[in-house]
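1. Whatever this is, show me its structure:
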Amino acid sequence: MRLEPKVMNVLAVLAGAQGAVVSRQALLDEVWPNQVVTDDVLTTAISTLRRHLGDDPRQSRFVETVPKRGYRLIEPVTRIDPPVVDRPARSASPSGEAVADHAISRGAVWAAGLLIVAAIALFLWRSTHEASTQPTETGSIAVLPFDVFGDNPRLEVFADGLAEELIHQLSADADLKITSRTSSFQFRSGGNLREIASTLGVRNILEGSVRGDGDDLRVTVQMIDAQRDIHRWSRVFDVKGGSMLAMQEEVSNEVVALISGSSEATMLQTRLRHPVPNEAYQLYLLGQSHMRAATVGAYERAAQNFSDALRIAPDYPIAMTQYAAVRMLLHQYRGDGLEEATEAARKALDRALSLDPKLAEARAVYGLVWTYNKQFEAAEASFQEALQLRPNMSFAWHNYAFMLWSQGRPRDSIDAAREAVSLNPISGPYFILGDSLAYLGRFDAANDVYEGCVRINPTNSSCLLGQSSVVRMLGDLDTAGRLADQAAELLPEEYISLLTTRLGLALYAGDFGRAEKLQAQIDESIANENYVLRTNLLLSQQRGDLDRFIDTLATRRTALQALGQSDAGIDLVEAHARYLINDCEGVLRLYDRLLSNGHEFMSSHWPVEFGHTHLVNLLYCRRQAGLASPVALVDEVRRALLEDGEVSDYPARQYLRAKLHQLDGEPGRARKLLNELEARGWPFLWLTDQDPVFQGDLNKAK
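-> Prediction:
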């Protein structure tokens, strides 16, 4: 069978190792030398190789994944040298070697004739297709990295710069959907165009090649309708020696005009401004490549690349913008101080916008700066300005979704996250989309999101962990454990999200000893995070020391207030803890304070996971205090637990319905639901022994 060149190279390297494990980095260095690529290109190549071999990664027969080490070829490989044969004279018997030579000779003549016919056909095809100068109706496009033929490293820079410029200019066209560079550049190793288009969710593929001869270049560009497997058009550019940027501009202008019909004036407005010194431009492109890798080390190298580019070309707006972006990302992923990162980013962005006021990227990065500083109104305005200038900017949509998610606006964040994922299907904000759906109780829809993410990118640990949490909520513990184990192969054991996922699984399994150990390990890093507070509450409830837990919360609240940070999460957890000890006065005080500050805790379904709910708690305590509940509150409770058809019927929601029926004086209906939960094996039925709704003057459902 015929394999794509890079896939074949991966197979050759594995075969050459003679059964030994080859590290991911060694494969990247060998197959993609002198190129900055992410691990995803290797993952895609391995996946393609397995597909050709009919290999199942869970029960490998050919290519084995060795967790945290690399890959190895399972089947033994033997080198077979051709036998040395004394060749008889060609006048010998018509059988054997002479016949073989004759066949080879005949085949060579046939192949040569075919090449001549192909060359004529190619000439006629090229002449016909190049005659058109009208814009093509395209709809959706992915620009793949251009193939490079030649050993000159300058060609790689030119090819990547050309693809980036095409993506940048086309993304300003609101009538086109342009896949982000982050996703389309994952297919540097090539592959089946129809499959690539399907993965990226586009109809058309723009691809090409760059060949170098001294200072002269030949650039081939072609647009392919991947759905129908036909060429729309092709162009060949013979570019004589000159500035790399000038050559890139010459090619990109004609291609963009052909696709979108943009005028020269429009292209001037959307074109990135790069400096004449090519060294600065090369450093910028190298920094961009590191940014795609999305690791702390890669971000550190990117920051250095952009800084070096600015030393060569101080007035370089897009390099300033990317430097600002990477400083904020290092705040998030390396823990750099927020004040220092913000100051450096704002200084770079203000300078960039003074040089290029319509630089959409700078507006988008400013939105990220305001988001980290919790100035959400300014952040939203910056993101909207960026998207007005460049509607297809996945970075802006991604971080806009992040900002909305950070505010607890799940419905708005879902819309923005869907836009970002459609533009960047390989590494879009799947976690934000999935978590926002789960926030609204749409766990089945969230599971579909994570499942699609893992299918496209099997090494996306965030999606594996997100799906593990969602299917755990839905009651499938075996699948949840398997997904967590898959993520563990990609992450260090101390990774916080992995630890919290394992903590949830331990609680569902009733392994409270392991849960206590994990909780203590997590508390050292993120003791005040909402999920960790809830698991601490559940463990305290199981141990029977809720009073001491409430005292601990008071200490944590004081520490947060001293730092000027929100303590709403602590208020929510304390309200439930006080409900469990039947302190309704304290419950109402805390809920009233939260409601007066506009805290929208009513809509969240995540806290329900361990039977914790605020909706029914509030109804119960208002009734205990002799207070009538507002109609809006009652309606919200019934909608969330009984009526909303989009909410998944997960076990914890069934438990809350039982509480609501018990509160309404319908113990028979409550008991029926609890019996169903027992049959489903829900592990938290012991909560009914401590839940005030099932105690006291009300008829006990058990």
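
2. Secondary structure class of the closest residue to Phe149 other than its chain neighbours, three-state.
-> Excluding the flanking residues, the one nearest Phe149 by C-beta to C-beta, 6 or more residues apart in numbering is Arg211, at 4.5 Å. Yep, even glycine has a C-beta here, placed from its N, CA and C like the rest. Using DSSP: H, G, I helix; E, B strand; the rest coil, the secondary structure recorded for Arg211 is strand.

3. Mind listing the residues bridging to Arg211?
-> Note on Arg211: beta-bridge partners Phe149, Arg218, judged by DSSP bridges.

4. Show me where the chain has its strands.
-> Remark: strands assigned in the chain by DSSP state E are 22-23, 63-66, 70-73, 140-143, 147-149, 177-178, 204-213, 216-225, 230-239.

5. Could you export these as TSV, including mean pLDDT and mean neighbour count?
-> Formatted as TSV, the strands of the chain follow (pLDDT from 0 to 100; neighbours: other C-beta atoms under 10 Å):
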stretch	mean pLDDT	mean neighbour count
strand 22-23	90	16
strand 63-66	86	17
strand 70-73	90	20
strand 140-143	92	25
strand 147-149	86	15
strand 177-178	90	26
strand 204-213	88	20
strand 216-225	88	20
strand 230-239	85	15
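
6. Any chance of those strands in JSON lines with distance to Ala445 as columns?
-> Converted to JSON lines, these look like this (distance: least, C-beta to C-beta, whole Å):
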{"stretch": "strand 22-23", "distance to Ala445": "38"}
{"stretch": "strand 63-66", "distance to Ala445": "30"}
{"stretch": "strand 70-73", "distance to Ala445": "34"}
{"stretch": "strand 140-143", "distance to Ala445": "24"}
{"stretch": "strand 147-149", "distance to Ala445": "39"}
{"stretch": "strand 177-178", "distance to Ala445": "23"}
{"stretch": "strand 204-213", "distance to Ala445": "29"}
{"stretch": "strand 216-225", "distance to Ala445": "32"}
{"stretch": "strand 230-239", "distance to Ala445": "36"}
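
7. Show me where the stretch 451-600 of the chain has its helices.
-> Along the stretch 451-600 of the chain, counting by DSSP state H, counting those that start in this stretch, helices occupy 461-473, 477-488, 496-508, 512-526, 530-543, 546-562, 568-580, 584-596.

8. what does the fifth one contact?
-> Read it as helix 530-543. Contact with helix 530-543 is made by 500, 503-504, 507, 512, 515-516, 519, 522-523, 526-527, 546, 548-549, 553, 569-570, 572-573, 576-577, 580, 606-607, 609-610, 612, 686-687, 690, as judged by C-beta atoms under 8 Å, 6 or more residues apart in numbering.

9. cutoff 6 Å now
-> Contacts to helix 530-543, defined as C-beta atoms under 6 Å, 6 or more residues apart in numbering, come from residues 500, 503, 512, 522, 526, 546, 549, 569, 573, 577, 610, 612.

10. Now that helix: buried residues?
-> Within helix 530-543, the residues that qualify as buried are 530-542, counting by 16 or more other C-beta atoms under 10 Å.

11. by how many degrees do it and helix 568-580 diverge?
-> Angle, helix 530-543 to helix 568-580, by axes from the mean of the first three to the mean of the last three C-alpha atoms, to 10 degrees: 20 degrees.

12. How far away from the center of its chain is helix 530-543?
-> Put simply, helix 530-543 sits 30 Å off its chain's centre (C-alpha atoms, centre = their mean, to the nearest Å).

13. Then the second one?
-> Using C-alpha atoms, centre = their mean, the mean C-alpha position of helix 477-488 is found 19 Å from that of the whole chain.

14. what angle sits between it and helix 461-473?
-> Going by the same axes, to 10 degrees, helix 477-488 makes 170 degrees with helix 461-473.

15. Put the alpha carbons of helix 477-488 into PDB.
-> Extracted as PDB, the C-alpha positions of helix 477-488 are listed here (Å, rounded to 0.1, in the frame of the first residue of the first chain):
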ATOM      1  CA  LEU A 477     -17.700   4.300  36.200                       C
ATOM      2  CA  ASP A 478     -15.800   1.800  34.100                       C
ATOM      3  CA  THR A 479     -15.600   4.200  31.200                       C
ATOM      4  CA  ALA A 480     -14.700   7.000  33.500                       C
ATOM      5  CA  GLY A 481     -11.800   5.100  35.000                       C
ATOM      6  CA  ARG A 482     -10.500   4.000  31.600                       C
ATOM      7  CA  LEU A 483     -10.500   7.600  30.300                       C
ATOM      8  CA  ALA A 484      -8.700   8.800  33.400                       C
ATOM      9  CA  ASP A 485      -6.100   6.100  32.800                       C
ATOM     10  CA  GLN A 486      -5.600   7.200  29.200                       C
ATOM     11  CA  ALA A 487      -5.100  10.800  30.400                       C
ATOM     12  CA  ALA A 488      -2.600   9.500  33.000                       C
END
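
16. could you say what helices and strands it packs with?
-> Packed against helix 477-488 by the contact rule (3 or more C-beta pairs under 6 Å, 6 or more residues apart in numbering; DSSP states H and E) you find helix 461-473, helix 496-508.

17. list the buried ones in the last one?
-> By neighbour count, with 16+ other C-beta under 10 Å as the criterion, the buried positions of helix 496-508 are 497-508.

18. Also the first one?
-> For helix 461-473, the buried set under the neighbour-count rule, 16+ other C-beta under 10 Å, comprises 461-473.

19. Low-confidence stretches in the stretch 151-300 of the chain?
-> Within the stretch 151-300 of the chain, the ranges that satisfy pLDDT under 70 run 153, 241-244, 261-273, 275-277.

20. Please enumerate the helices of it.
-> Going by DSSP H, counting those that start in this stretch, the stretch 151-300 of the chain shows helices at 153-170, 181-184, 193-200, 244-260, 264-270, 278-293, 296-312.

21. Take those and lay them out in a markdown table including mean neighbour count.
-> Formatted as a markdown table, the helices of the stretch 151-300 of the chain follow (neighbours: other C-beta atoms under 10 Å):
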| stretch | mean neighbour count |
| --- | --- |
| helix 153-170 | 22 |
| helix 181-184 | 25 |
| helix 193-200 | 19 |
| helix 244-260 | 19 |
| helix 264-270 | 13 |
| helix 278-293 | 21 |
| helix 296-312 | 19 |
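
22. what would those helices look like in CSV with distance to Ser23?
-> Output for the helices of the stretch 151-300 of the chain, formatted as CSV (distance: least, C-beta to C-beta, whole Å):
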stretch, distance to Ser23
helix 153-170, 23
helix 181-184, 24
helix 193-200, 26
helix 244-260, 34
helix 264-270, 42
helix 278-293, 16
helix 296-312, 16
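
23. Could you say which one of those helices comes nearest to Glu64?
-> helix 193-200 (23.8 Å; C-beta to C-beta).

24. That closest one: how far from the chain's middle?
-> Counting by C-alpha atoms, centre = their mean, helix 193-200 is centred 18 Å from the centre of its parent chain.

25. Please identify which of the strands of the chain is closest to Asp356.
-> Using C-beta to C-beta, the nearest of these to Asp356 is strand 177-178, at 20.6 Å.

26. partners of the closest one in the sheet?
-> Using DSSP bridges, strand 177-178 pairs in its sheet with strand 140-143 (parallel).

27. gap between Glu361 and Pro317?
-> Distance from Glu361 to Pro317, counting by C-beta to C-beta, to the nearest Å: 9 Å.

28. try Asn582
-> Asn582 is 62 Å from Pro317, by C-beta to C-beta.

29. just Arg334 next, same as before
-> Distance from Arg334 to Pro317, by C-beta to C-beta: 25 Å.
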